[in-house]
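Enquirer: return atomic coordinates for the entry below.
(chains A and B)
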Protein chains: 2
Amino acid sequence: MADNPGRYSFDGIDRVLHEKARLGILTSLLSHRDGLVFGQLRDLCALTDGNLSRHLTTLQESGLVEIWKGFKGKRPQTLVRLTAEGRKRFVEYLSLLETIVNGALSAAEPGQDPEPKQVGWSPA
Amino acid sequence: MADNPGRYSFDGIDRVLHEKARLGILTSLLSHRDGLVFGQLRDLCALTDGNLSRHLTTLQESGLVEIWKGFKGKRPQTLVRLTAEGRKRFVEYLSLLETIVNGALSAAEPGQDPEPKQVGWSPA
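Expert: Residues are numbered from 1 along each chain as shown, chains lettered A, B, ... in the order given. Below you'll find the model as predicted:
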């Protein structure tokens, strides 16, 4: 076959980044350079407190986000921002995804779905 | 804030499709309309037999791929193809991903990473 082995292994995709909820969190933060407080991020991403906390821990441990504790008046608040490294890695991931998606979409040409040509196939 | 709640929840992203290995499998199959035999798919995606089997079961149960048993000479073979529904759903997913990626990349403008503006933030 013409294709190279491993052509579709997509090794460059980091599973820490390639997760639906974290994709939302990172996209939110990319659009808000000054960061977002916990409640804003939770609402924008429609996550529960627990889920957001869990994903933020994963992202912080990977060096993608930084978490700051502070106060608004007397009320404690948590600020979340992308790190410079996180911004770089997320943009690289998005660019890779863009390449993969464009490649896949260009391969998807409309047409009929033929029966298997080779004699002897049967449904599994 | 101007953003709508849930703006970054990305509800349209199906976790069955949005998984690194399955993204590779589906992209391979999208590029090969007549389907691929198990060994080809395994090599293209650089997966183990066990991993590929597990993901194919998930994809088949979701109606995205069809699996056929056949023979090449006396040797049993397994053919995997996208279903019409699978092709449709995968292309829709890719289009959604394209929109998300383009939106995120357009929000990522280069610049300095400022210290938090609000007084009283401290590292968590």
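Enquirer: tell me which helix or strand A:Ile67 sits in.
Expert: Using DSSP states H and E, A:Ile67 sits within strand A:65-72.
Enquirer: how many other residues sit next to the nearest residue to A:Ser122 once chain neighbours are set aside?
Expert: Using C-beta to C-beta, 6 or more residues apart in numbering or on different chains and skipping the chain neighbours, the partner closest in space to A:Ser122 is B:Lys69 (5.7 Å). C-beta coordinates here come from the backbone N, C-alpha and C atoms, glycine included. B:Lys69 has 13 neighbours, counted by other C-beta atoms under 10 Å in any protein chain shown.
Enquirer: related to what we said a few turns ago, give the buried residues for the helix or strand that comes right after the strand holding A:Ile67.
Expert: The C-terminal neighbour of strand A:65-72 among helices and strands, as given by DSSP H and E, is strand A:75-82. Residues A:77-82 are the ones in strand A:75-82 that count as buried (16 or more other C-beta atoms under 10 Å in any protein chain shown).
Enquirer: and the helix or strand following strand A:75-82 with chain B, contact?
Expert: The helix or strand immediately downstream of strand A:75-82 is helix A:84-107, counting by DSSP H and E. Yes. In terms of C-beta under 8 Å from any C-beta of the partner chain, part of helix A:84-107 sits within range of chain B, namely A:84, A:87, A:90-91, A:94-95, A:97-98, A:100-105, A:107.
Enquirer: in chain A, where is pLDDT below threshold?
Expert: Low-confidence segments of chain A (pLDDT under 70): A:1-2, A:109-121, A:124.
Enquirer: again, only using 80
Expert: Scanning chain A for pLDDT under 80 picks out A:1-3, A:109-124.
Enquirer: circling back: the strand holding A:Ile67: partners in the sheet, and parallel or antiparallel?
Expert: strand A:75-82 (antiparallel), strand B:122-123 (antiparallel) (DSSP bridges).
Enquirer: okay, these in TSV with distance to B:Leu26 next?
Expert: Formatted as TSV, the strands paired with strand A:65-72 follow (distance: least, C-beta to C-beta, whole Å):
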stretch	distance to B:Leu26
strand A:75-82	29
strand B:122-123	41
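Enquirer: which ones are touching the residue nearest to the spatial centre of chain A?
Expert: In chain A, the residue lying closest to the centroid (C-alpha atoms, centre = their mean) is A:Leu23, at 3.0 Å. Counting by C-beta atoms under 8 Å, 6 or more residues apart in numbering or on different chains, A:Leu23 touches A:17, B:10, B:13, B:100.
Enquirer: same thing but 7 Å
Expert: B:Phe10 (C-beta atoms under 7 Å, 6 or more residues apart in numbering or on different chains).
Enquirer: mind checking the SS state of it?
Expert: Secondary structure state of A:Leu23, per DSSP: H, G, I helix; E, B strand; the rest coil, is helix.
Enquirer: beta-bridge partners for A:Thr78, please?
Expert: A:Thr78 forms beta bridges with A:Lys69, as assigned by DSSP bridges.
Enquirer: surely it is in contact with A:Val37?
Expert: Yes. The pair formed by A:Thr78 and A:Val37 meets the contact definition of C-beta atoms under 7 Å, at 6.3 Å.
Enquirer: how many other residues sit next to A:Ser122?
Expert: 10.
Enquirer: an error on my part: the question was meant for A:Lys88.
Expert: A:Lys88, neighbours per other C-beta under 10 Å, totals 13.
Enquirer: let me know the closest of the buried residues of strand A:75-82 to chain B.
Expert: Closest to chain B out of the buried residues of strand A:75-82 is A:Leu79 (5.7 Å), distances taken as C-beta to the nearest C-beta.
Enquirer: check contacts around the nearest residue to A:Leu47 once chain neighbours are set aside.
Expert: Counting by C-beta to C-beta, 6+ apart, A:Leu47 lies nearest to A:Ala21, which is 6.1 Å off, once chain neighbours are set aside. Applying C-beta under 7 Å, 6+ apart to A:Ala21 gives the contacts A:45, A:47, A:51, A:55.
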